[in-house]
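Asker: no sequence on this one, just coordinates:
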């Protein structure tokens, strides 16, 4: 270890320290609890500043991590998500009188896990980062509302699925190691380039198991069954976090793994399988979402479908595909957080289902939040001029450029189906009459702030995507060395 | 090859025999010691000073009716005392009882008075096997199908896990100073040299904190008073072994005494120089072996007496006090000791 | 020779006790059978030259993790579950079928690999592993502490009483 | 003569499959967690076997980390089970079925 190694992970160190400080502060200065959200948000902002002003030395810590522009891009949107979630979590925590310190502490630890995952260059670090920091904190955050049956149920289901997936991944890693003799992705790339391992059963079985592990975590069909329950049962701010941060970090990890193994050995063999998973996720996610009455469950199925779209970018691996994936992740983050922020404000109690019918007529009564929700729905459906459209366009264009036009066609058709249930939300908001006894919803200012920021981002990045595009291109270049 | 096996077998027999004899002796010491502390006579009828009392006790236990209550979980009920005894016996195989590196018997190097001198992970093995001891107690408590037993077993498992941490941390300090996991290396490091010409270089001197933590923790690990909450007779009748009688009860009793012997031997080995003694540089071969055994025996006897002494002097802890002591008292102290050893070694204060 | 015999012995014992560990209806028996299996794995580690891991396996799994399991089993009153398949026969069949396919598939794959004779005699001593831990694996070594901290905070949060 | 790596790995694969079956079939939360432990251990064994194959210690370091990770996972899992038990007086995870689509 040398000082430059430490400097390279300064943002992560800051977050770890602040997380621990918050946990301790909860015990020693309970009077400050309402300010913990601000502290957590400020730490995330500070970490982002450190990341953007700090060095990008590439491989550090004996090759455990790669701090490159790609990592910086992913870190940025993870941290943005942390800030937004920290803001909307305030009203939730105040309402349920839960433990502030533990909540924000685990949130920051979880973010550190995601950030480490996004720059992991060793299967060991991937395993620890992915499964444990990311999962262990999230199991607890899911079950955070521990007086509520649904919250505990969500925590348990996520834990069993997560641990099962990590075991699959670990066995996959063992087999991959058996084939290549190294845990380092960089070294794996060299080994694969030197010796053609395409037909090696170990590497195939290992990749299959690892892929299943990733599939569980990304909630891709056929490993998706846990997602709706976990989305519905978790506290809404946690759902917002878990619907964007783990998936983003994991997709980037998947991209790094694929970049290490592909294209020499694998692409032709794996293409149909990955494409099938992508299509199945899109079709099933969108079709089942139509039948949902609970907004959070609907968004869960929509998330399954969206990971299917994003996977198209991995299937069409290459510069365009990678840029598409990155833009997709950024877009997905803002639109999903916007949706969950508004949903959390439109519900009386965390334990009750968040029914779509509850939204009836709210459009005229609560114009700002409703407008944001509508915007998020249009963006999720991929309607221009929102950022969701840009993301889908980039991914499908990458598929077409790689000669996979059929994949793009299926994606577009699936998107058409999805318009139905996204627009139905808007229909309920504006076209349905307000019920006689409409519950008096709170509309705390933090939610409005987050909704405003997200709405601005959805439209702004939709109309002027070049800034995002440039950042994603810089990031993507580093992986395709 | 056959000579090696024979030497090993003799070593095993001698060590196991000694330990089992010690168990009997300790039973006498405990009863007479208790009487001495409480200013009464104690057993004095059988043999001189009541020395044959343990034999009589053993005979009594052997011939008592061997009850197996109707609603116990039979398999586990029978398994529990066996686990306790086997674990207690297994831990002896890495403890060096005396010198003997330079001695050969029938052309076979003796390799020290220890059953497995070549086990590279010595201390780890000890900790690993020692940590299995909890199964005997927990299973006895659970399989008896008795509330008191269950409570005893539960308490015991929590207690053993909590104190194992501090104990291991204290041991780590010694291992850090030694730079090896082997117990004979731990002993060798402490032998021979002196600070200021008079103070033997025993680990207890620089690591007094670690030593205190270790001693307290092994008291808890052996379930001896003041930490015998698993069997606290005033609240739990007899705790985990309330449903056991005859030889099965005796098995628990024996394993407790064996654990006591192991614990004392470990305290001596880790912190008080093991079998080394001042001035041993002048001896070698068989005389050294004999003297080292005597030195070890004296140190061992002191700590065995300490166990008895403490048992009849201190009251029992309450459960919450026990946990508080373990987590808020011993654990920080053990950590502090580890940090101190690390710093001292980095600065060259301890070589 | 000796090692070979020991391996096949522990392999058989390990598999059998693993089967008991996942199928017996008494949770205490489940836990104890798993202890036996993990012990067999520890012996396998020793046969593979990983003596430190063998000791750590017993210390960590048998000595701590499974004791924790036993502790919780007893704390919750050792609940016996109703027979499997009473309410979800489908999942039972599917689960067993999946596992069977997985086992058959992996054995077929693994039996198909041609492996050279074991290459080097890299002994997994405590010292050798320690040097790796604070050398090339320093980041993971430090990082795992954050993980343990998070687990500790989380576990406490879940079970502590309301203040 | 040493045992071939393949045999170790087959042993590991069998244990892995048994563990997976346990996770999928059992209803008691404790048994599910036990199954997961078994799976992780099986993967560890495969790692160590391959590590000997390659003549490296890296795999053993990995296993060391997995042990720490498994301990953390178990701690959280059991804590969650205790919380669930307090809520519904049962650890039959089939009774965790409030949410349906």
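Answerer: All right, it came through fine. Owing to the predicted nature of the structure, the values given are computational and were not obtained by experimental measurement. Numbers count the residues shown, from 1 in each chain, chains lettered A, B, ... in the order given.
Asker: residue contacts, residue A:315?
Answerer: When contacts are counted by C-beta atoms under 8 Å, 6 or more residues apart in numbering or on different chains, residue A:315 is found next to A:271, A:274, A:275, A:278, A:321, A:399, A:404, A:407. C-beta here means a position set from N, CA and C on the backbone, and glycine is covered the same way.
Asker: quick one: the spatially most central residue of chain C from chain D, how far?
Answerer: For chain C, the residue nearest the mean C-alpha position is residue C:38 (5.7 Å; C-alpha atoms, centre = their mean). Using C-beta to the nearest C-beta, to the nearest Å, one gets 6 Å for the distance from residue C:38 to chain D.
Asker: Please apply the same query to residue B:316.
Answerer: In this structure, residue B:316 and chain D are separated by 28 Å, where distance is defined by C-beta to the nearest C-beta.
Asker: Now for residue A:125: which residues touch it?
Answerer: If you count contacts by C-beta under 8 Å, 6+ apart, residue A:125 has them with A:64, A:65, A:116, A:117, C:139, C:140, C:143.
Asker: Please narrow those to those residing in strands.
Answerer: For the contacts of residue A:125, membership in strands holds for residue A:65, with DSSP state E as the criterion.
Asker: re earlier: any idea which of the contacts of residue A:315 has the most stuff around it?
Answerer: residue A:278 (29 neighbours; other C-beta atoms under 10 Å in any protein chain shown).
Asker: ok, now which ones touch it?
Answerer: Contact analysis of residue A:278 by C-beta under 8 Å, 6+ apart lists A:220, A:308, A:309, A:311, A:312, A:315, A:407.
Asker: Let me know how buried residue 51 is, in neighbour terms.
Answerer: In the absence of a named chain, this looks at chain A. Using other C-beta under 10 Å, residue A:51 has 24 other residues around it.
Asker: that's the other chain; I wanted chain D
Answerer: Each residue near residue D:51 was counted by other C-beta under 10 Å, and the total is 28.
Asker: rewinding a little: can I get the contacts of residue A:315 in TSV with distance to residue A:31?
Answerer: Formatted as TSV, the contacts of residue A:315 follow (distance: C-beta to C-beta, whole Å):
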residue	distance to residue A:31
A:271	58
A:274	53
A:275	56
A:278	51
A:321	51
A:399	55
A:404	58
A:407	56
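Asker: after the helix or strand bottoming out on mean pLDDT in chain C comes which helix or strand?
Answerer: Taking mean pLDDT, DSSP states H and E as the measure, the helices and strands of chain C show their lowest mean at helix C:89-112, namely a mean of 65. Downstream of helix C:89-112, the next assigned helix or strand under DSSP states H and E is helix C:126-133.
Asker: elements contacting the helix or strand hosting residue D:79?
Answerer: In this structure, residue D:79 sits in helix D:58-88 according to DSSP H and E. Helices and strands in packing contact with helix D:58-88 are listed as helix A:123-127, helix A:137-142, helix A:149-180, helix C:51-57, helix C:66-75, helix C:126-133, helix C:138-159, helix D:29-54; criterion 3 or more C-beta pairs under 8 Å, 6 or more residues apart in numbering or on different chains; DSSP states H and E.
Asker: how much distance is there from that helix to the middle of the chain?
Answerer: Relative to its parent chain, helix D:58-88 has a centroid offset of 9 Å by C-alpha atoms, centre = their mean, to the nearest Å.
Asker: Let me know the angle separating that helix from helix D:29-54.
Answerer: 180 degrees (axes from the mean of the first three to the mean of the last three C-alpha atoms, to 10 degrees).
Asker: Just the buried residues of helix D:58-88, please?
Answerer: Under the neighbour-count criterion of 16 or more other C-beta atoms under 10 Å in any protein chain shown, helix D:58-88 has D:58-85, D:87 buried.
Asker: what pLDDT, on average, does it get?
Answerer: Along helix D:58-88, the predicted confidence averages to a pLDDT of 88.
Asker: go on, stretch A:471-481?
Answerer: The predicted model assigns stretch A:471-481 a mean pLDDT of 82.
Asker: which stretches of the stretch 51-200 of chain B form strands?
Answerer: Listed in chain order, the strands of the stretch 51-200 of chain B (DSSP state E, counting those that start in this stretch) span residues B:104-105, B:108-109, B:194-195, B:199-200.
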